[in-house]
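*Asks:* starting from these lines, generate the structure:
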Amino acid sequence: MLETLGLSVLGSRVYQAMLDHTDHGVARLAELCGASPAQVHDCLDELARLMLVRASADRPGHMRAVSPDVGLADMLARQEADLAARQAQLAASRAAVTRLVAERAGSHATHGERLLGMDAIQRRIEQLAHGMSQECLGVHPGASHRPEDLAAARAADEEPLARGVVMKTLYQDTTRNDPHTTAHAHWLLSRGSEVRTAPVLPQRLVIFDRAHALVPIDPADTRKGALHVTEPGLVTALLDLFDQAWATAVPLGALRSDDPTTGLTDTERQLLRLLAGGLTDDAAGQRLGISSRTVSRHMASIMERLGATSRFEAGLKAAQRGWL
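*Replies:* Here you go, the predicted structure:
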């Protein structure tokens with residue numbers, strides 16, 4: 001169970017054994033855990049790095065386990081801080097990439113080509129998919145996707161996947177409730193692809209072999225057209241944006257658990273941050289891929305937990321509790 005927090009399987013077993021048997025030394029822990037003394041020593045080093053064991057005051061030269069309500073809570077807090085930092089970095093990268101794309105959207109230079117309409121986009125995707133040899137990275141925001149678009153994607157992906165091309169696809173958390181998108185995602189998984197989801201995603205993006213990228217000309221209406229980018233500097237920036245989004249996403253099939261400290265889901269935490277940043281319900285819902293009615297329902301639940309009678313009061317109390 002503790003492996004999700006970053007512990008090794010054996011490290012988790014040793015930690016729990018130390019909690020249950022406070023008087024055990026290395027030899028008895030090794031016997032209890034089915035490991036060698038050397039492996040237990042390695043686990044103690046691992047637990048010490050994670051601040052889950054400390055030197056014993058009663059038994060010099062021995063270690064004692066830090067109680068879970070202290071040690072594991074501190075681990076969660078550190079991981080949450082790391083995640084917040086990565087999300088802030090992702091937001092900064094998103095803004096930088098948006099500016100770069102906007103600067104080049106009107107250009108017909110050698111390193112960027114405008115593709116107008118879905119037919120032009122699909123033709124270019126088919127060409128790039130046919131020629132790629134390594135990997136395809138995709139970001140597909142939105143609560144659901146049109147069945148005909150998913151069918152076109154499957155037709156384009158089938159042949160590269162058969163050749164062993166690696167595909168990594170990012171969807172929004174809300175697509176887990178969409179049967180068409182979920183079916184397509186499981187089809188990708190069955191072909192050896194990787195699929196993850198996140199509450200908030202950057203704009204739509206597809207990168208082929210780390211050399212060709214397609215981004216929407218108008219993020220508000222991605223069906224208008226796309227910009228085909230090959231300039232290395234811009235493609236690298238888009239790759240960094242993808243990698244940051246991928247690092248904070250959860251594999252399809254894994255469940256997001258509520259924050260044990262606040263009880264917030266990832267979607268609720270992101271919603272609080274978006275509304276605190278000045279977005280309207282509609283704008284925040286669009287970023288999260290949920291309806292304004294669902295936004296209102298989430299906020300009513302959060303206000304109830306905070307004991308707040310208004311959104312302003314909820315914002316103050318959430319900030320005071322470190323929820324933002």
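
*Asks:* from here on, contacts and neighbour counts on C-alpha atoms
*Replies:* Will do.

*Asks:* quick check: phi and psi at residue 192.
*Replies:* phi 90, psi 10 (degrees, to the nearest 10).

*Asks:* any idea how far the closest residue to residue 11 other than its chain neighbours is from residue 65?
*Replies:* Take residue 11 and drop its neighbours on the chain: the residue closest to it by C-alpha to C-alpha, 6 or more residues apart in numbering is residue 43, 4.9 Å away. Here residue 43 is placed at a distance of 12 Å from residue 65 (C-alpha to C-alpha, to the nearest Å).

*Asks:* joint contacts of those two?
*Replies:* With C-alpha atoms under 8 Å, 6 or more residues apart in numbering applied, the contact sets of residue 43 and residue 65 do not overlap.

*Asks:* more neighbours: the two, which one.
*Replies:* Taking other C-alpha atoms under 10 Å, residue 43 and residue 65 do not tie; residue 65 has more neighbours (24 against 21).

*Asks:* beta-bridge partners for the more buried one, please?
*Replies:* Residue 65 has these beta-bridge partners by DSSP bridges: residue 53.

*Asks:* correct me, but it touches residue 21?
*Replies:* No: with contacts counted by C-alpha atoms under 8 Å, residue 65 stays clear of residue 21, the gap being 9.8 Å.

*Asks:* show me what contacts residue 282?
*Replies:* Contact analysis of residue 282 by C-alpha under 8 Å, 6+ apart lists 291-292.

*Asks:* quick one on the thing from earlier: what residues are up against the residue nearest to residue 11?
*Replies:* Residue 43 is in contact with 10-11, 14, counting by C-alpha under 8 Å, 6+ apart.

*Asks:* so which elements touch the helix or strand hosting residue 301?
*Replies:* In this structure, residue 301 sits in helix 292-306 according to DSSP states H and E. Using 3 or more C-alpha pairs under 8 Å, 6 or more residues apart in numbering; DSSP states H and E as the contact criterion, the neighbours of helix 292-306 among helices and strands are helix 266-276, helix 281-288, helix 311-320.

*Asks:* make TSV out of those and add mean pLDDT.
*Replies:* Below are those laid out as TSV (pLDDT from 0 to 100):
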stretch	mean pLDDT
helix 266-276	77
helix 281-288	79
helix 311-320	74
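
*Asks:* output those helices as JSON lines; include the columns distance to residue 73.
*Replies:* Below are those laid out as JSON lines (distance: least, C-alpha to C-alpha, whole Å):
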{"stretch": "helix 266-276", "distance to residue 73": "18"}
{"stretch": "helix 281-288", "distance to residue 73": "28"}
{"stretch": "helix 311-320", "distance to residue 73": "19"}
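
*Asks:* please name the nearest non-neighbouring residue to the residue nearest the centre of the chain.
*Replies:* Central residue of the chain (C-alpha atoms, centre = their mean): residue 249, 1.5 Å from the mean position. Spatial nearest neighbour of residue 249, chain neighbours left out: residue 198 (4.7 Å); criterion: C-alpha to C-alpha, 6+ apart.

*Asks:* flag the shaky bits of the stretch 151-300 of the chain, pLDDT-wise.
*Replies:* 253-263 (pLDDT under 70).

*Asks:* tell me the backbone dihedrals of residue 165, please.
*Replies:* Note on residue 165: its backbone torsions stand at phi -70, psi 130 [degrees, to the nearest 10].

*Asks:* in stretch 280-289, what's buried?
*Replies:* With burial defined by 16 or more other C-alpha atoms under 10 Å, the residues of stretch 280-289 counted as buried are 281, 283-289.

*Asks:* ok, the residues you listed vs residue 205, which is closest?
*Replies:* Closest approach to residue 205 among the buried residues of stretch 280-289 (C-alpha to C-alpha): residue 287, at 15.2 Å.

*Asks:* right, and the closest one touches residue 200 too?
*Replies:* Yes: in this structure, residue 287 is within contact of residue 200 by C-alpha under 8 Å, at 6.2 Å.

*Asks:* re earlier: identify the residues contacting the residue nearest to the centre of the chain.
*Replies:* Residues near residue 249 by C-alpha under 8 Å, 6+ apart: 170, 196-198.

*Asks:* again, only using 10 Å
*Replies:* Shown in contact with residue 249 (C-alpha atoms under 10 Å, 6 or more residues apart in numbering): 170-173, 195-201, 256.

*Asks:* quick one: buried ones out of those residues?
*Replies:* For the contacts of residue 249, a neighbour count by 16+ other C-alpha under 10 Å gives the buried set as 170-173, 195-201.

*Asks:* what's the most distant pair in these?
*Replies:* 195 and 200 (15.0 Å).

*Asks:* any chance of a markdown table for the contacts of residue 249, columns secondary structure and distance to residue 58?
*Replies:* Shown next, in a markdown table, are the contacts of residue 249 (DSSP: H, G, I helix; E, B strand; the rest coil; distance: C-alpha to C-alpha, whole Å):
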| residue | secondary structure | distance to residue 58 |
| --- | --- | --- |
| 170 | strand | 51 |
| 171 | strand | 52 |
| 172 | strand | 52 |
| 173 | helix | 49 |
| 195 | strand | 50 |
| 196 | strand | 47 |
| 197 | strand | 48 |
| 198 | strand | 47 |
| 199 | coil | 48 |
| 200 | coil | 49 |
| 201 | coil | 51 |
| 256 | coil | 40 |
